[in-house]
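In: Need the 3D shape of this:
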Amino acid sequence: MALIEIKVPDIGDFADVSVIEVLVKVGDTVKEEQSLITVESDKASMEIPCSASGVVKELKVKLGDKVHEGSVVLMLESGAAASASQVSVAPAPAALTSSSPAASSTNKSSIPTTSGSALIEVKVPDIGDFKDVSVIELLVKPGDTIAVDQSLITIESDKASMEIPSSAAGVLKELKVKIGDKVNIGDFIAVVQGQAIASSSSVAAAVSNVPSASLASQSPAVSAPPSTPPSTSLSGSTGLQSTAQMPSHQPGNALSASGFVPHASPSVRKFARELGVPLEEVKGSGIKGRITHEDVQAFSRAVMQGAVSTKAQQAKGGGSSASGAALGLLAWPVVDFAKFGPIERKPMSRIKKISGANLHRNWVMIPHVTNHDDADITDLEAFRVLTNKENEKSGVKVTMLAFLIKACVATLKKFPEFNSSLDGEDLVYKSYYNIGFAADTPNGLMVPVIKNADSKGVLQISQEMGELAKKARDGKLSPAEMTGATFTISSLGGIGGRYFNPIINAPEVSILGVCKSTMQPVWNGKEFVPRLMLPLSLSWDHRVIDGAAAARFNANLGQILSDFRRVLL
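Out: Numbers count the residues shown, from 1 in each chain. A predicted model of the protein is given here:
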């Protein structure tokens, strides 16, 4: 048995980095490549692996210490009699032992970060504990010039959607996936002609697990075999691959849809992935808010006990708050439907999952009130029919919804609080009038937006509505065509019904629901006469609008629809 000094290997161009985590204690039995400590610079955090197997006899560092290349981390009792140089240097892969001048022993701090101009395979990086996730969007096409970290595809699991970045810069020669394909970590997704560039954090993490090429070149005994292929995996706890395939994001970064990168070491990230814990939702108790193993365990226990629920659970409807437990309600019933008869399970469409989560939030957070009224559109309907006959050759069919949009704009100008949004304790009044209209599509409800409706005529609005509705049905609406609405109309006129309570589309404060018009007897002061009546359902946010204002809004809208000349006033 021999005592061996375990030292900090070449960690790149970093000096005096802080020890932020000690992962072992005296008496522990450790294996080769097991992480011993975590260090952090101003650019990245990395784990320092053990270069031998044995029992920890003495720790030479503690939290807050500054270390650099060659610093003694601990004393290890091992049966292997290894020299100091062999102990602190492990075999390096062929990908890091190139004959490039940057890998020579005269420049130990430099690391080759490019693989030269060549065809490079881009693969799916470590995306956490996800398997067979669907490709829902292709963000580039062959021939495009792409940069490192540029998003190539979007994938979606039952918990989150995320973009997969490129680990290489150059020209995209070929995409190996298409929409609907299932991918996993390591799957081949694209071919890029150019250079694979590892970011500083990725390079530092890789070097912390293997010695640099410059050190490996000093001794033939520790160099990689010549026959080692370029794609040989780097040894170490993070399992990073060769420079040409190394993802530029640290594991777990893609899981944060908000773009926030949780402050945690690689070992904590791995531990969180194993438990299925979203790190961006965990509050760290370590130095500078760093997330520790104990924080992950505490969060996991809280979720299991129903004290908290993850954002994914809330969006999916399976968390404690969605089931009613957080509100003090009975738990949602769990039923084995198959025991009562044949069933068929089908996954909800992406649009329904996204819109469902938004509708749930809006219904719970906005105090809705709905006013119901009827508008006499007898004369307006006659004018609409006449307009369509006169413009039959133009191919533009005018619908009642187009007149409704113009009537709503005129009413919004008279009642500006209905065209506002609540921002904290401030009310934002908008001087533009973008009207959204709900469109029924095979995949679910979508809301295209007519921009600047106040400056457009009924014919122009009708034409634009037809184009947007077709795009919605074909699934070709762009995000810009579905955002920026100040007021929304949900029309069921072509289907039926009488009244309903439409849900406000936040951050708007009101929405108009319209049902099928019917002929009804109306008293004109002398007799009952048949009139075409349109049911109106106006939902409004009671934090911003009161009942009197809502009643006046509906009354004004009804007057305009009964005599459309009022829109000119």
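In: Only C-alpha atoms from now on, for both contacts and neighbour counts.
Out: Will do.
In: Provide the partner residues of residue 5 in its beta bridges.
Out: residue 75 (DSSP bridges).
In: That one touches residue 76, doesn't it?
Out: Yes: between residue 5 and residue 76 a contact is recorded at 6.4 Å, counting by Cα atoms under 8 Å.
In: in the stretch 301-450 of the chain, which spans are strands?
Out: 368-376, 420-423, 426-429, 435-437, 439-441, 444-446, 449-450 (DSSP state E, counting those that start in this stretch).
In: Between residue 5 and residue 76, which has more neighbouring residues?
Out: residue 76 (26 against 22; other Cα atoms under 10 Å).
In: Can you name the residues that contact the more buried one?
Out: Contacts for residue 76 (Cα atoms under 8 Å, 6 or more residues apart in numbering) come out as 3, 4, 5, 6, 53, 54, 55, 56, 57, 58.
In: right, and out of those residues, which lies closest to residue 179?
Out: residue 53 (46.8 Å; Cα to Cα).
In: Check what pLDDT the closest one gets.
Out: pLDDT, residue 53: 89.
In: For stretch 477-488, buried residues please.
Out: 477, 481, 482, 484, 485, 486, 487, 488 (16 or more other Cα atoms under 10 Å).
In: For the first one, which non-adjacent residue is closest in space?
Out: It refers to residue 477. residue 471 (5.3 Å; Cα to Cα, 6 or more residues apart in numbering).
In: Could you confirm the one you found falls within a helix?
Out: Yes: under DSSP: H, G, I helix; E, B strand; the rest coil, residue 471 sits within a helix.
In: The longest strand along the chain pairs with which strands, parallel or anti?
Out: Longest among the strand segments of the chain by residue count, using DSSP state E, is strand 528-541. Take DSSP bridges as the rule and strand 528-541 pairs in its sheet with strand 368-376 (antiparallel), strand 510-514 (antiparallel), strand 518-523 (antiparallel).
In: In CSV: these, plus distance to residue 341.
Out: As requested, those are exported to CSV (distance: least, Cα to Cα, whole Å):
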stretch, distance to residue 341
strand 368-376, 39
strand 510-514, 38
strand 518-523, 41
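In: Residue 442: which of the ones you listed is closest?
Out: Using Cα to Cα, those put strand 510-514 closest to residue 442, at 20.7 Å.
In: pretty sure residue 540 contacts residue 510?
Out: Yes: here residue 540 reaches residue 510: they are 4.3 Å apart, a contact under Cα under 8 Å.
In: Give me the common contacts of those two.
Out: residue 504.
In: So if I had to pick from those two, which one is more boxed in?
Out: residue 510 (30 against 26).
In: tell me the contacts of the more buried one?
Out: 418, 419, 487, 488, 504, 538, 539, 540, 541.
In: Burial check on residue 452, number of neighbours?
Out: 14.
In: For residue 411, see how far away it is.
Out: For residue 452, the distance to residue 411 (Cα to Cα, to the nearest Å) stands at 15 Å.
In: now residue 516
Out: 21 Å.
In: Looking at the two, which one has more neighbours?
Out: Remark: of residue 516 and residue 411, residue 411 carries more neighbours, 22 against 17, as counted by other Cα under 10 Å.
In: Need the nearest residue in space to that one, chain neighbours excluded.
Out: residue 557 (6.1 Å).
In: Give the other helices and strands that the host helix or strand of the one you found contacts.
Out: Element membership for residue 557 (DSSP states H and E) is helix 547-562. The elements that helix 547-562 packs onto, with contact taken as 3 or more Cα pairs under 8 Å, 6 or more residues apart in numbering; DSSP states H and E, are strand 368-376, helix 378-390, helix 400-414, strand 528-541.
In: Now do the buried residues in that helix.
Out: In helix 547-562, counting by 16+ other Cα under 10 Å, buried: 550, 553, 554, 556, 557, 558, 559, 560, 561, 562.
In: I would like the residues contacting it, please.
Out: By Cα under 8 Å, 6+ apart, helix 547-562 touches 371, 373-380, 404, 407-408, 411, 415, 536, 538, 540, 566-567.
In: Make a ChimeraX selection of the buried ones in those.
Out: A single ChimeraX command suffices to select whichever of those are buried according to 16+ other Cα under 10 Å:
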select :371,373,374,375,376,377,378,380,404,407,408,411,415,536,538,540,567
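In: what sits opposite residue 22 in the beta ladder?
Out: residue 37.
In: State the distance from it to residue 50.
Out: Distance of residue 22 to residue 50, given as Cα to Cα: 13 Å.
In: same question, residue 460
Out: Taken as Cα to Cα, the span from residue 460 to residue 50 is 71 Å.
In: Can you pick out the residue with more neighbours from those two?
Out: residue 50 (27 against 14).
In: For the more buried one, which non-adjacent residue is closest in space?
Out: residue 33 (4.9 Å).
In: for residue 524, what are its contacts?
Out: Residue 524 neighbours (Cα under 8 Å, 6+ apart): none.
In: Which SSE is immediately downstream of the worst-scoring helix or strand of the chain on mean pLDDT?
Out: Here the helix or strand of the chain ranked lowest by mean pLDDT, DSSP states H and E is helix 213-216, holding a mean of 34. From helix 213-216 onward toward the C-terminus, using DSSP H and E, the following helix or strand is helix 266-275.
In: Summarise which helices and strands that following helix is packed against.
Out: strand 45-49, helix 293-304.
In: Report the distance from the shortest one to the chain centre.
Out: In this case it means strand 45-49. Centre-to-centre, strand 45-49 and its host chain are 28 Å apart (Cα atoms, centre = their mean, to the nearest Å).
In: thinking residue 183 is in contact with residue 130, fair?
Out: No: using Cα under 8 Å, residue 183 is not in contact with residue 130, being 9.4 Å away.
In: what about residue 472, distance to residue 442?
Out: Using Cα to Cα, residue 472 is found at 9 Å from residue 442.
In: Compare neighbour counts for the two and give me the winner.
Out: residue 472 (25 against 10).
In: Next one: the residue nearest to residue 495 when sequence neighbours are not counted, what pLDDT does it get?
Out: In space, and not counting its chain neighbours, residue 495 is closest to residue 516: 6.8 Å by Cα to Cα, 6+ apart. At residue 516, the predicted lDDT confidence score is 93.
In: Look at residue 516 and give its secondary structure.
Out: Reduced to three states by three-state DSSP, residue 516 is coil.
In: who touches it in this structure?
Out: Going by Cα under 8 Å, 6+ apart, the list of residues near residue 516 reads 492, 493, 494, 495, 496, 497, 498, 534, 535.
In: Let's see that with 7 Å instead.
Out: 492, 493, 494, 495, 496, 497, 498, 534 (Cα atoms under 7 Å, 6 or more residues apart in numbering).
In: Of those residues, keep whichever come out buried.
Out: Using 16+ other Cα under 10 Å, the buried ones in these are 492, 493, 498, 534.
In: Might one say that the second one is in contact with residue 513?
Out: Okay, so that is residue 493. No: Residue 493 lies out of contact with residue 513 (Cα atoms under 7 Å); the separation is 9.5 Å.
In: Could you check how far residue 483 is from residue 455?
Out: 18 Å.
In: and residue 172, what element?
Out: Here residue 172 is assigned to strand 168-175, by DSSP H and E.
In: Residue 403: neighbour count?
Out: Neighbours of residue 403 (other Cα under 10 Å): 22.
In: per-residue confidence for the closest residue to it other than its chain neighbours?
Out: Closest residue in space to residue 403, ignoring its immediate chain neighbours: residue 458 at 6.3 Å, by Cα to Cα, 6+ apart. Here, the pLDDT recorded for residue 458 equals 95.
In: 10 is where my numbering starts, stick with that
Out: Happy to do that; since the first residue is 10 now, the last one works out to residue 467.
In: And for residue 467, the neighbour number?
Out: With other Cα under 10 Å as criterion, residue 467 counts 18.
In: Likewise for the one 10 residues further on?
Out: Residue neighbour count, defined by other Cα under 10 Å, stands at 23 for residue 477.
In: Test my guess that it contacts residue 456.
Out: No: with contacts counted by Cα under 7 Å, residue 477 stays clear of residue 456, the gap being 9.4 Å.
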